[in-house]
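Enquirer: starting from these lines, generate the structure:
(chains A and B)
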Amino acid sequence: MRHMPLSGVVGGFVISLVGTGFAQEKNPPVGEEKKAEAGQGTEDGLPRKLSDDVKTLIEEEVQRRVKEALQAAKPQAEAPQDKKLQELDEKINQVIEDQKKVRPSEFNPAIGLVGETIFSYETRGTNQTGNARPGGFDVFLRSVELNVAASVDPFFRGYAVINGSADAATGETLWGIEEAALVSTSLPWNLTLQAGRFFAEFGRLGYIHDHELPFVNRPLPLDQYIGGESRTDGLQLNWLVPVDHYISVTAGVGDGVGSPPNNPGAKRGLNELNFWGRTSTYFDVTDDWQLETGVSGLTNPRTEDRGGALLAPNGITTLTERKRQLVGVDLKVSYVPLQNNQFSGLTWGSELLYSHNRYLVDPNGTPFDGDEFERSNGAYGLYSYLTYKWDRQWSAGFLYERMEDAQDHRDVTAAYSPYITWATSHWNQIRLQFTHTYREPISGNKSDNAIYIQWAWIIGAHSHGWQQR
Amino acid sequence: MKSCLKPFWVVCLAAVGALMGAGRPAQSGEIRVVTTLTDLADLARAIGGSFVTVRSLATGVEDTHGVPMKPSFVPGMNKADLLILVGFDCEHAFLPALLEASKNPAIQKGHAGYVDCAKGIVPAEVPKSTDHSEGDVHPYGNPHYMLDPVRARQAVQTITEALIAKAPEHEADFKKNRDAYLVKLDAKIAEWKEKLKPLKGLKFVSYHGHWFYFAERFEMVYYGTIELKPGIDPTARHIENLVTSMKADRVPIVVREPQFPEKVPALIAEQAGAKLIKLPIMPGGVPKTDTYLEMMDYIVQSFVDAAPKK
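Expert: Numbers count the residues shown, from 1 in each chain, chains lettered A, B, ... in the order given. Predicted structure coming up:
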């Protein structure tokens, strides 16, 4: 195909040249033919009656000229098209070669960053509330979380969450590994294995990061009974029950769920680790209404110096935890309209927890003087909230919390918090919240009021914004 | 301790045990197909015929990027042989989490059961930057190619190939069904082109950027979107500017997709002197659009009815 034009030009040239030569020889023009027949000289004086030698010479000359013409014609005919084709070929080859190259950055994991700043005003100081942050006006970087995630190999993916937050005393950022774990991607029998540091699946919001909560602060019972987010160093197995109805079963073992490690520095038995489990299910009440519920359990059969000796409100008596148990039942009913769920929705979420711990009580705070005794304390805690979304950008809600102290169930703390959230986009939201906290006098603390503004944002790869929780 | 946790474990085990035998086994030889959206479900049914059972995650009225992530989807995905999706990251907000929860290796990305219908489609509007200052952009280009019936032919072919790969013993049936469907589709394409020929150059706006491929196919002018950026609601200034330019350029139609509230599109239509029409973006989005062909019929007829009469 590519040489068709060239062969055509050359062929045409040869035919015309040779044809002309022979035509001149064999078919002279009519006038000249007559002159030749007359045997007369012509204007240039050359004889027109050609001998065989002359014919041979002419043929040789024709062949020579054809050869020259071919040589001359070849590059002229190729130049316009072949050059372009050659350039095109080079470009294509370059693209193909470029595609073969793997840029070093393609090995990088997906990276995202979440930032969260809290502006607050509390009517009482730390000495009267027991809060970690100071009273009055306060602004602090509650967390910056760097999230990285990628496949490790065909069988596991890995992720890490590196968290930095401002220290209440110095303002300096304290960095820590909040999560760093492997998650299996191809285990049989509907199983998923998670190993490393992660948030243990306990309850509804226990394993949700602070900035993803539907309100500003972690509910009181989760904060005390679990110890904040349910961070653990351990192993967790999840099983999707192979039936037509959604049922998820999780079991795990780890060191220090939401709390410091147990019995540090000593030889530990298996019963000194934390064990937890959760079963949850889901129902489509209608196309638009959903119901999710679950039960969770956590036990640390034998604890030794977990979190150290706790000081009772009287300032003298100490309690050292010996056993830890926690159970919870949770429920979420939500209205998620199929048609415009980005613009409206309603969520009612509740969780009831029962903490049952055993403590070694030292009434005078002096160890090994013979007055220590063990006692158990059962304490209930719950939180319930309702969030209504009436616009893609706006939602508001109300949170109620009540908690009996895990060390002394007579010490009750309760709080209520209206809140309103403005999300300028999927990745940027500002929340205003008022919280009134009631504290029993037995706690040694006083009730107070607080106003919070929480500003949270997300940047980076694979960040899909906040879910409706 | 035992008194506290024993009931918990009893409840867990009882619940699991009671439900273990409740699964409904699939009929022998039946190919279980899950699609993300209803247009793909319609095509899968047309090609797969009696050899497939098809379930769509969306019902048709949802936002193509915002199908609610219901845990009730998970058991069906867990047992699916094929997952058919639009691709170009159209389902990025809900599919990855559901795929992970499904624990079904056969339909994970890279496996034969993961059927990406964007294969073979040349994307338009590929962003130069995926920075969020440009909104919730699709890094691989505009994913709404199914509203162009010619490009939908490619999806028909992709689904056919996936079904044949899954059940080669039914290859002849699938090809026969495909050919029959394409005959109908091609006839409809010719009909739609004829109907929309007088509307060549017609300008329109819509809430979200669903209509690029449609406008290109039928030689209309896709004037702009009501959204400020993909996934970002319009500001007052954007609405004002849009109305001003629509008036100046005589844009006669405002399209509202069902999942977006009517208030803002109606306001813009009123102020710009344009006609507001509600158009589905997948079958089931509005009544009497149960199939892909019915939906496209509805869309074409709505444009014809709404266009200014010359």
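Enquirer: quick check, A:Ile111 in contact with A:Asn147.
Expert: Yes - counting by Cβ atoms under 8 Å, A:Asn147 is a contact partner of A:Ile111 at 7.1 Å. Where C-beta positions appear, they are placed from N, C-alpha and C, glycine not excepted.
Enquirer: and those two? which has more neighbours close in?
Expert: A:Asn147 (23 against 15; other Cβ atoms under 10 Å in any protein chain shown).
Enquirer: any idea how far that one is from A:Gly115?
Expert: From A:Asn147 across to A:Gly115, the span is 12 Å (Cβ to Cβ, to the nearest Å).
Enquirer: quick one: A:Ser248 and A:Thr281 touch, right?
Expert: Yes - judged on Cβ under 8 Å, A:Ser248 makes contact with A:Thr281 at a distance of 7.5 Å.
Enquirer: and for these two, which residues touch both?
Expert: Residues touching both A:Ser248 and A:Thr281 (Cβ atoms under 8 Å, 6 or more residues apart in numbering or on different chains): B:Pro71.
Enquirer: need the contact list for residue 126.
Expert: Picked chain A for this. Applying Cβ under 8 Å, 6+ apart to A:Thr126 gives the contacts A:132-135.
Enquirer: chain B is the one I meant
Expert: B:140-141.
Enquirer: next, it: secondary structure please.
Expert: coil (DSSP: H, G, I helix; E, B strand; the rest coil).
Enquirer: can you count the residues close to A:Val257?
Expert: By the criterion of other Cβ under 10 Å, A:Val257 has 30 neighbours.
Enquirer: again with B:Leu276
Expert: B:Leu276: 16 neighbours (other Cβ under 10 Å).
Enquirer: would you mind measuring from it to B:Ala152?
Expert: 26 Å.
Enquirer: what about the host helix or strand of A:Leu386, average pLDDT?
Expert: Using DSSP states H and E, A:Leu386 sits within strand A:373-389. Average pLDDT, strand A:373-389: 95.
Enquirer: over to stretch B:289-297?
Expert: Rounded mean pLDDT across stretch B:289-297 is 96.
Enquirer: just the buried residues of it, please?
Expert: B:289, B:291-293, B:295-297 (16 or more other Cβ atoms under 10 Å in any protein chain shown).
Enquirer: and the residues you listed, which is closest to chain A?
Expert: Chain A has its nearest neighbour among the buried residues of stretch B:289-297 in B:Thr289, at 14.2 Å by Cβ to the nearest Cβ.
Enquirer: ramachandran angles for the spatially closest residue to the closest one that is not a sequence neighbour?
Expert: Leaving aside its sequence neighbours, B:Thr289 sits nearest to B:Met295 (Cβ to Cβ, 6 or more residues apart in numbering or on different chains; 4.1 Å). Backbone geometry at B:Met295, expressed as degrees, to the nearest 10, gives phi -60, psi -50.
Enquirer: what sits against B:Met295?
Expert: B:39, B:280, B:282-283, B:285, B:289.
Enquirer: now do stretch B:57-68: distance to the chain's middle.
Expert: Centre-to-centre, stretch B:57-68 and its host chain are 8 Å apart (Cα atoms, centre = their mean, to the nearest Å).
Enquirer: sorry, slip of the keys, the one I care about is stretch B:209-223.
Expert: Taking mean C-alpha positions (Cα atoms, centre = their mean), stretch B:209-223 and its chain are 16 Å apart.
Enquirer: just stretch A:119-136 next, same as before
Expert: Distance, centroid of stretch A:119-136 to centroid of chain: 34 Å (Cα atoms, centre = their mean).
Enquirer: end-to-end on that stretch?
Expert: Using Cα to Cα, to the nearest Å, the end-to-end distance of stretch A:119-136 comes to 11 Å.
Enquirer: does residue 215 sit in a helix or strand, and which one?
Expert: In the absence of a named chain, this looks at chain A. A:Phe215 belongs to no helix or strand, assigned by DSSP H and E.
Enquirer: my question was about chain B, not that one.
Expert: Here B:Ala215 is assigned to helix B:212-217, by DSSP H and E.
Enquirer: from the contact counts, what lies against that helix?
Expert: helix B:149-166, strand B:221-225 (3 or more Cβ pairs under 8 Å, 6 or more residues apart in numbering or on different chains; DSSP states H and E).
Enquirer: can you do 10 Å?
Expert: Counting contacts by 3 or more Cβ pairs under 10 Å, 6 or more residues apart in numbering or on different chains; DSSP states H and E, helix B:212-217 is packed against helix B:149-166, helix B:171-196, strand B:203-206, strand B:221-225, helix B:292-306.
Enquirer: give me the mean pLDDT for the first one.
Expert: Helix B:149-166 carries an average pLDDT of 96.
Enquirer: quick one: low-confidence parts of chain B?
Expert: B:1-29, B:310 (pLDDT under 70).
Enquirer: my read: A:Gly269 touches A:Arg302, true?
Expert: Yes - here A:Gly269 reaches A:Arg302: they are 7.0 Å apart, a contact under Cβ atoms under 10 Å.
Enquirer: the stretch 151-300 of chain A: strands as residue ranges?
Expert: For the stretch 151-300 of chain A, applying DSSP state E, counting those that start in this stretch gives strands covering A:156-166, A:173-184, A:191-199, A:231-240, A:247-255, A:274-284, A:289-300.
Enquirer: wait, which of the ones you listed is closest to B:Asp186?
Expert: Comparing the strands of the stretch 151-300 of chain A against B:Asp186 with Cβ to Cβ, the closest turns out to be strand A:274-284 (39.0 Å).
Enquirer: which strands and helices sit next to the host helix or strand of B:Leu98?
Expert: Assessed by DSSP H and E, B:Leu98 sits inside helix B:95-102. Packing partners of helix B:95-102 (3+ Cβ pairs under 10 Å, 6+ apart): strand A:231-240, helix B:73-79, strand B:82-85.
Enquirer: buried set for the helix holding B:Ala215?
Expert: B:212-215, B:217.
Enquirer: turn those into CSV, including distance to A:Ser165.
Expert: Formatted as CSV, the buried residues of helix B:212-217 follow (distance: Cβ to Cβ, whole Å):
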residue, distance to A:Ser165
B:Phe212, 44
B:Tyr213, 47
B:Phe214, 49
B:Ala215, 50
B:Arg217, 53
